[in-house]
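K.L.:
Could you work out the structure for the sequence below:
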Amino acid sequence: MAQYGTIMVVDDNPAILTAAKITLQPHFENVITLSSPKDIISTLNQEEVNAILLDMNFTAGMNSGHDGLQWLENIHKLHPDVPVVLITAYADVKLAVTGLKMGAADFVTKPWNNEELISSLKHAIDASETVVPLGDLETQHIQRVVDKCHGNITRASELLGISRQTLYSKIKK
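P.N.:
As a prediction, the model looks like this:
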């Protein structure tokens with residue numbers, strides 16, 4: 001079974017972290033668990049993380065989800081390419097809509113269905129990976145080589161292994 005990259009799970013409940021790790025380990029290369037959202041940014045600066053499963057409530061006695069929304073905003077400011085799936089036991093439609101409008105990839109409720117949780121995280125990773133058309137990659141590469149050669153078409157065509165005429169035709173596209 002192909003494994004997806006690294007998942008970060010952030011929840012202040014140790015039982016949830018353990019259950020998530022057991023559920024996700026067979027499907028992801030690495031599962032990082034954090035019991036405090038304060039460690040998210042430093043971990044993202046040290047590790048390549050493909051998606052985050054983020055609890056919405058960290059303040060004792062508060063179930064509004066504002067903690068999670070604030071951390072979602074912080075993550076997107078500093079690491080906008082990392083998809084975040086929100087998770088909470090205190091779900092309502094308004095909170096889910098707010099989270100999705102703020103850029104969450106998905107919204108999962110506790111207790112979760114294992115297959116749905118895995119699918120949600122994989123989908124978040126897949127959706128975040130942009131596929132660039134081959135023609136665009138070729139154009140970008142050619143432009144980098146021409147720039148590297150300071151506009152010297154003869155040298156650029158030699159580096160690319162194509163004729164000057166072919167390079168001119170590719171530049172004009």
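
K.L.:
Show me what I87 bridges to in the sheet.
P.N.:
Beta-bridge partners recorded for I87 (DSSP bridges): D55, V108.

K.L.:
meant to ask about F28
P.N.:
Note on F28: beta-bridge partners by DSSP bridges are Y4.

K.L.:
for the one 5 residues further on, same thing?
P.N.:
According to DSSP bridges, the residues that bridge with T33 are V9.

K.L.:
contacting residues around it?
P.N.:
8-11, 17, 20-21 (Cβ atoms under 8 Å, 6 or more residues apart in numbering). Using the backbone N, CA and C atoms, a C-beta is placed for each residue, glycine as well.

K.L.:
Report how far apart the opening and closing residues of stretch 80-92 are.
P.N.:
From its first residue to its last, stretch 80-92 covers 25 Å (Cα to Cα, to the nearest Å).

K.L.:
CA atoms only: put stretch 52-71 into CSV for me.
P.N.:
Provided in CSV are the C-alpha atoms of stretch 52-71 (Å, rounded to 0.1, in the frame of the first residue of the first chain):
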residue,chain,number,x,y,z
ILE,A,52,-2.1,18.8,9.8
LEU,A,53,-5.0,17.3,11.8
LEU,A,54,-5.8,20.1,14.2
ASP,A,55,-8.1,20.0,17.2
MET,A,56,-10.3,23.1,17.6
ASN,A,57,-10.3,23.5,21.4
PHE,A,58,-7.3,23.9,23.7
THR,A,59,-8.5,26.2,26.4
ALA,A,60,-9.9,24.3,29.4
GLY,A,61,-13.7,24.8,29.6
MET,A,62,-14.0,26.4,26.2
ASN,A,63,-15.7,24.5,23.3
SER,A,64,-16.2,27.4,20.9
GLY,A,65,-13.5,26.3,18.4
HIS,A,66,-11.9,29.7,18.4
ASP,A,67,-8.5,28.2,19.4
GLY,A,68,-8.4,26.0,16.4
LEU,A,69,-9.5,28.8,14.1
GLN,A,70,-6.8,31.1,15.5
TRP,A,71,-4.1,28.4,15.0
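
K.L.:
pLDDT value on V93, please?
P.N.:
Looking at V93, its pLDDT reads 77.

K.L.:
any idea how far G99 is from it?
P.N.:
V93 sits 11 Å away from G99, going by Cβ to Cβ, to the nearest Å.

K.L.:
if we can go back for a sec, buried ones among the contacts of T33?
P.N.:
8-11, 17, 20 (16 or more other Cβ atoms under 10 Å).

K.L.:
now those as a markdown table including distance to L53?
P.N.:
Formatted as a markdown table, these follow (distance: Cβ to Cβ, whole Å):
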| residue | distance to L53 |
| --- | --- |
| M8 | 7 |
| V9 | 5 |
| V10 | 7 |
| D11 | 8 |
| L17 | 10 |
| A20 | 7 |
